[in-house]
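Trainee: using only what follows, build the 3D model:
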Amino acid sequence: TYTVMSKRLLLSLVNEGIVSGWDDPRMPTISGFRRRGYTPSSIRRFCQEIGVSKANSLVDVEFLQFVIREELNATAPRVMAVLDPLKVVIENYPEGHTEMLEAENNPEDPSAGSRQIPFSRELYIEREDFMENPPKKFFRLSPGSEVRLKHAYLITCTEVVKDDRGRVTELRCTYDPASRGGEAPDGRRVRGTLHWVSAPHGVRGEARLYDTLFTLRDMSETEEGKGYGDYLNPESLTVRTDCIFEPSLSDAAPLDRFQFLRQGYFCADRDHRPERPVFNRTVTLKDTWAKMVRKDETD
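Mentor: This next block holds a predicted model:
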């Protein structure tokens, strides 16, 4: 679904510069799937599951996504990456101090071991993980609220810093020194858990977020008088150029696959460099917050 298999039409996409080439991660080609992060085993399983039919058939792309998501859930190391950074300063944390925290690589695979990640006074979190005037059931960070930083400490937002246009540029917070590992010593309940990256240690890079190439589910059902170009998805590629990655990702090699916590599964692109990481999103995770918002809107 949401694509075409005609070699003539695919060639026109390449020749017209709509995609970057036959290995563009949006293309339904083996090289495109590989660059996007699909594994040979996931493609083989997908083919085995759908079988072979003599008649034309339409297979939902979500099934292909399910297959790779299931495989990568079991095999991909978990790492932290902030795609839309918002700075956090922990005011009661010692200036100039860094501590190394232990983080498990994959809870689904104990043999994957753990790694050390740096924690410091200045961090980055996702901008969408903060709301100044949050609705009910928003369990992320807001003024006066307390959240858990994954593998680290509990923090509370005490001040919001804005620029001249009213845009939030920085959050001032305090942390509970006794909550290392994310557990409150007095047993208080903290529902929100955020991923983060240490500001002095994080590596700036790029994330390419891919979506379907076309907006029409079945491209054989185009309206009369309309061509394939009328159904091109303007949001098939979103490039985030100011991401912050945990330092271990500098060592990734092209085609190395990871789960970015709370973001999705990503694969290092051929353009990846240690000083400038580049990752392609293979598939998203299930977004429980988005589902909750949609449910509230329909109630």
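Trainee: all contacts plus neighbour counts: C-alpha atoms, from now on.
Mentor: Noted.
Trainee: all helices of this structure, in order?
Mentor: For the chain, helices defined by DSSP state H occupy the ranges 7-15, 30-36, 40-50, 61-75, 288-298.
Trainee: what's the most buried one of these?
Mentor: helix 30-36 (a mean of 20; mean count of other CA atoms under 10 Å).
Trainee: just to revisit the earlier point, mind checking the helices of the chain for the one nearest to V203?
Mentor: V203 lies closest to helix 30-36 among the helices of the chain, at 21.6 Å (CA to CA).
Trainee: list the contacts of the residue nearest to T212 when sequence neighbours are not counted.
Mentor: Closest residue in space to T212, ignoring its immediate chain neighbours: S236 at 5.5 Å, by CA to CA, 6 or more residues apart in numbering. Residues counted as contacts of S236 (CA atoms under 8 Å, 6 or more residues apart in numbering) are 26, 209-214.
Trainee: ok, so what distance separates P40 from E62?
Mentor: 18 Å (CA to CA, to the nearest Å).
Trainee: mind giving me the domain ranges of the protein?
Mentor: 7-75+203-245+252-289, 78-198 (automatic domain parsing).
Trainee: could you work out the most separated pair of the contacts of S236?
Mentor: Checking the contacts of S236 with CA to CA, the most distant pair is L209 and F214, at 15.0 Å.
Trainee: I'd say C267 and R36 touch.
Mentor: Yes - look at C267 against R36 with CA atoms under 8 Å: they come within range, at 6.5 Å.
Trainee: which neighbours do these two have in common?
Mentor: 280-282.
Trainee: okay, now the nearest residue to P177 once chain neighbours are set aside: neighbour count?
Mentor: Nearest non-adjacent residue to P177, counting by CA to CA, 6+ apart: Y153, 7.2 Å away. Per other CA atoms under 10 Å, the neighbour tally for Y153 reads 20.
Trainee: okay, strands next: where are they in the stretch 1-150 of the chain?
Mentor: In the stretch 1-150 of the chain, the strands defined using DSSP state E, counting those that start in this stretch lie at 78-79, 81-82, 85-90, 98-104, 114-120, 122-126, 146-149.
Trainee: of all these, which one is nearest H272?
Mentor: strand 81-82 (15.0 Å).
Trainee: output the contacting helices and strands for that closest one.
Mentor: strand 122-126, strand 237-245 (3 or more CA pairs under 8 Å, 6 or more residues apart in numbering; DSSP states H and E).
Trainee: against which helices or strands is the first one packed?
Mentor: Here strand 122-126 touches strand 81-82, strand 85-90, strand 197-198, going by 3+ CA pairs under 8 Å, 6+ apart.
Trainee: would JSON lines of these with mean neighbour count, mean pLDDT and distance to R188 be doable?
Mentor: What follows is those, written out as JSON lines (neighbours: other CA atoms under 10 Å; pLDDT from 0 to 100; distance: least, CA to CA, whole Å):
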{"stretch": "strand 81-82", "mean neighbour count": "27", "mean pLDDT": "99", "distance to R188": "27"}
{"stretch": "strand 85-90", "mean neighbour count": "20", "mean pLDDT": "99", "distance to R188": "21"}
{"stretch": "strand 197-198", "mean neighbour count": "26", "mean pLDDT": "99", "distance to R188": "25"}
